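> fold the stuff below for me.
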Amino acid sequence: MGRPVTVDDNEMGMEKALARLRQSFREKSSVDMSFSCGARMGDASLRAFVDALRVTLLEIRSVSFDSSAIDENSASPETVELFLRELGSIPSLAKLSWQRTRPQTRQQCIQRMTMVLSRARRLERLHCYSCSAFQGTVQDYHNFASVLESHPKLHAIQFLPAIFPRGLQPGTANLLPAEEIISVKISPVLEAIATIPNLAVFHGDCWLPPPPPPHLVEEAEDDEEDEDEDDMDDVDDTFQPAIQAMKSISGHSRLQQITIYGPSLVAAAPELHTNATLRFLKVKLGMIKRRTRSNNTFEGQVLADVVRSAPSLATLVLTVGHEALRCRIDGQILHVIQALQENTTITKLDLPYHPKNHDIQEAMIDMLQENNMTLTEINVLLSSDNDNAAEDETFLQKQEFFLRLNRLGRKRLLQLSPADRRPWIETLATVSNDVSSLFYFLSKNPTLCSHVATE
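Predicted coordinates:
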């Protein structure tokens with residue numbers, strides 16, 4: 001990769017970037033290009049970059065664009081559109097990273113991404129970071145969906161985070177509830193993403209937070225039992241297109257990685273159970289509407305079923321939406337740990353925090369000691385509670401001991417006949433300075449201590 005082309009708040013830097021684009025010789029390596037928030041490009045600067053991009057000999061593989069790089073006061077809408085479409089027309093463009101937006105440009109964000117994508121038909125990766133509020137009309141979202149639909153090259157899409165607050169309904173002065181924004185605006189985008197033939201990575205964060213299934217409402221706590229069931233039925237109908245689209249994405253025949261909202265997991269679980277290509281699953285827990293014990297338990301049970309049955313899942317990442325929600329997801333984590341007793345594919349587990357719950361700690365050690373010989377890595381945050389520091393350290397030491405055994409090939413050894421001594425001896429030589437591991441393996445195959453006569 002060659003030296004990047006950077007457009008920043010320095011006028012000299014902008015001139016250098018233009019000169020680099022205009023140079024009359026090809027560079028051996030491809031380059032990245034970035035437009036920082038401080039560039040503040042006006043009409044003249046945008047037109048200069050349009051002309052330079054049309055003649056450049058550089059092989060630009062990646063563009064990182066902060067929408068605040070455009071000076072809204074001195075750039076005409078026509079010039080902005082011309083520039084963005086020229087960005088999308090870069091023939092070698094494989095990755096587009098869209099950076100944060102200022103409040104005054106939020107409504108334009110999705111419009112401008114559409115302009116770039118309408119020409120970027122060779123794009124392979126689309127990443128959108130820190131766009132805290134995509135706002136725009138229903139038509140804006142349909143236009144965005146149309147440039148994503150059946151895209152020939154895209155295989156990785158990330159929208160992290162993507163929070164859709166209450167917004168204005170087009171043509172009225174009434175506020176749209178968040179649920180309706182998701183249904184009316186986001187559903188077409190999800191449906192379009194599901195049609196992308198090469199889709200391998202979709203990190204959508206909280207793009208689809210549907211309500212819990214109707215039977216969960218019936219099981220909810222007493223203080224919620226009097227809620228109007230007709231209202232829930234209406235919400236379910238509202239979410240149905242988005243739910244179906246998420247199910248299609250989750251069951252995509254080439255999908256390898258997905259980040260999904262806990263409630264979305266409930267909707268997409270049947271597809272995740274059988275997706276043979278899925279290797280990475282990240283779930284944000286504890287975010288089901290009406291956060292009751294029964295809802296969270298159900299969410300944990302659904303996740304546990306996925307862990308038991310997903311045929312190729314190798315990495316499971318669990319996160320929590322907010323620090324205050326930790327206590328609400330202990331039950332989900334316990335369900336997952338119990339399911340890991342049966343899982344034989346997951347090698348890496350990331351937990352959102354160090355479990356303080358004794359039931360969880362005991363279940364974790366029991367799972368690793370007796371059943372799971374596939375896990376080789378568990379990442380958690382260390383406890384900040386000094387009162388339990390010593391106890392936490394003991395738990396972590398036990399956990400790491402069994403993970404180390406797994407990394408040494410415990411599963412393979414225990415599947416061998418005790419008489420097949422060579423692999424056992426080779427492993428013992430590897431852990432010759434580790435008394436605990438030596439004792440464990442010798443206890444599993446005592447014949448290693450017996451004398452074998454040789455001729």
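> so who does Asn143 touch?
When contacts are counted by CB atoms under 8 Å, 6 or more residues apart in numbering, Asn143 touches Gln111, Thr114. To be clear about C-beta, it is placed using only N, CA and C from the backbone, and glycine gets the same treatment.
> which SSE is it in?
Using DSSP states H and E, the element containing Asn143 is helix 138-148.
> where do the helices sit along the stretch 251-400 of the chain?
262-274, 293-309, 330-339, 358-366, 389-407 (DSSP state H, counting those that start in this stretch).
> hang on, I meant the stretch 51-200 of the chain
Secondary structure of the stretch 51-200 of the chain (DSSP H, counting those that start in this stretch): helices located at 77-88, 106-117, 138-148, 178-181, 187-194.
> pull the CA atoms of the first one into CSV?
Coordinates of each C-alpha in helix 77-88 appear next as CSV, following Å, rounded to 0.1, in the frame of the first residue of the first chain:
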residue,chain,number,x,y,z
PRO,A,77,-25.8,21.3,-3.9
GLU,A,78,-25.0,20.7,-7.6
THR,A,79,-21.3,20.8,-7.0
VAL,A,80,-21.6,18.5,-4.0
GLU,A,81,-23.5,16.0,-6.0
LEU,A,82,-21.0,16.2,-8.8
PHE,A,83,-18.1,15.6,-6.4
LEU,A,84,-19.8,12.6,-4.6
ARG,A,85,-20.7,10.9,-7.8
GLU,A,86,-17.1,11.3,-9.0
LEU,A,87,-15.9,9.7,-5.8
GLY,A,88,-18.1,6.7,-6.5
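> mean confidence score for it?
The average pLDDT within helix 77-88 is 96.
> cool, and the third one?
Model confidence over helix 138-148 averages 91 on the pLDDT scale.
> now the angle between helix 106-117 and that helix, please.
Here the directions of helix 138-148 and helix 106-117 differ by 30 degrees (axes from the mean of the first three to the mean of the last three CA atoms, to 10 degrees).
> in helix 138-148, which residues are buried?
In terms of neighbour count (16 or more other CB atoms under 10 Å), helix 138-148 has its buried residues at Asp140, Tyr141, Asn143, Phe144, Ala145, Val147, Leu148.
> picking that back up, now the helices of the stretch 251-400 of the chain in a markdown table, with distance to Gly251?
Below are the helices of the stretch 251-400 of the chain laid out as a markdown table (distance: least, CB to CB, whole Å):
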| stretch | distance to Gly251 |
| --- | --- |
| helix 262-274 | 3 |
| helix 293-309 | 12 |
| helix 330-339 | 20 |
| helix 358-366 | 30 |
| helix 389-407 | 30 |
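> lowest average confidence across those helices, which one?
helix 293-309 (a mean of 79).
> which strands or helices does that one pack on?
helix 214-219, helix 262-274, strand 280-285, helix 330-339 (3 or more CB pairs under 8 Å, 6 or more residues apart in numbering; DSSP states H and E).
> could you dump these into TSV and include mean neighbour count and distance to Arg61?
Shown next, in TSV, are the helices and strands packed on helix 293-309 (neighbours: other CB atoms under 10 Å; distance: least, CB to CB, whole Å):
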stretch	mean neighbour count	distance to Arg61
helix 214-219	15	47
helix 262-274	21	32
strand 280-285	22	24
helix 330-339	22	39
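> and of the ones you listed, who's closest to Gly2?
Closest to Gly2 of these, according to CB to CB: strand 280-285, at 30.5 Å.
> just to revisit the earlier point, quick check: angle from the helix holding Asn143 to helix 77-88?
Comparing the axes of helix 138-148 and helix 77-88 via the same axes, to 10 degrees yields an angle of 20 degrees.
> how is this protein divided into domains?
Domain ranges of the chain: 1-97, 133-216+233-407, per automatic domain parsing.
> circling back: widest-spaced pair of the buried residues of helix 138-148?
Farthest apart among the buried residues of helix 138-148 by CB to CB are Asp140 and Leu148. That separation is 13.1 Å.
> just for the stretch 101-250 of the chain, where's the confidence low?
The stretch 101-250 of the chain contains residues with pLDDT under 70 at 101-107, 130-135, 161-183, 205-238.
> do a quick rundown of the strands in it.
In the stretch 101-250 of the chain, the segments counted as strands under DSSP state E, counting those that start in this stretch are 125-129, 156-160, 167-168, 175-176, 201-203.
> want to throw those into TSV with distance to Lys185?
Compiled in TSV, the strands of the stretch 101-250 of the chain are given as follows (distance: least, CB to CB, whole Å):
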stretch	distance to Lys185
strand 125-129	15
strand 156-160	13
strand 167-168	9
strand 175-176	9
strand 201-203	18
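> TSV for the domains of the chain, including distance to His127?
Output for the domains of the chain, formatted as TSV (distance: least, CB to CB, whole Å):
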stretch	distance to His127
domain 1-97	5
domain 133-216+233-407	5
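> which among those is found nearest to Ile110?
Among the domains of the chain, the nearest to Ile110 by CB to CB is domain 133-216+233-407 (4.6 Å).
> dump the helices and strands packed on helix 293-309 to a markdown table, plus distance to Glu11.
Formatted as a markdown table, the helices and strands packed on helix 293-309 follow (distance: least, CB to CB, whole Å):
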| stretch | distance to Glu11 |
| --- | --- |
| helix 214-219 | 59 |
| helix 262-274 | 46 |
| strand 280-285 | 42 |
| helix 330-339 | 53 |
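> look up which residues are beta-bridged to Arg126.
Actually, residue 126 is Leu rather than Arg. Residues in a beta bridge with Leu126, per DSSP bridges, are Leu96, Ile157.
> ok, it touching Gly88?
No: between Leu126 and Gly88 there is no contact under CB atoms under 8 Å: 11.3 Å.
> which residues do those two both contact?
Leu117.
> with distance to Pro446 and mean neighbour count as extra columns, can I get the strands of the stretch 101-250 of the chain in TSV?
Shown next, in TSV, are the strands of the stretch 101-250 of the chain (distance: least, CB to CB, whole Å; neighbours: other CB atoms under 10 Å):
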stretch	distance to Pro446	mean neighbour count
strand 125-129	54	19
strand 156-160	51	19
strand 167-168	69	17
strand 175-176	70	16
strand 201-203	48	21
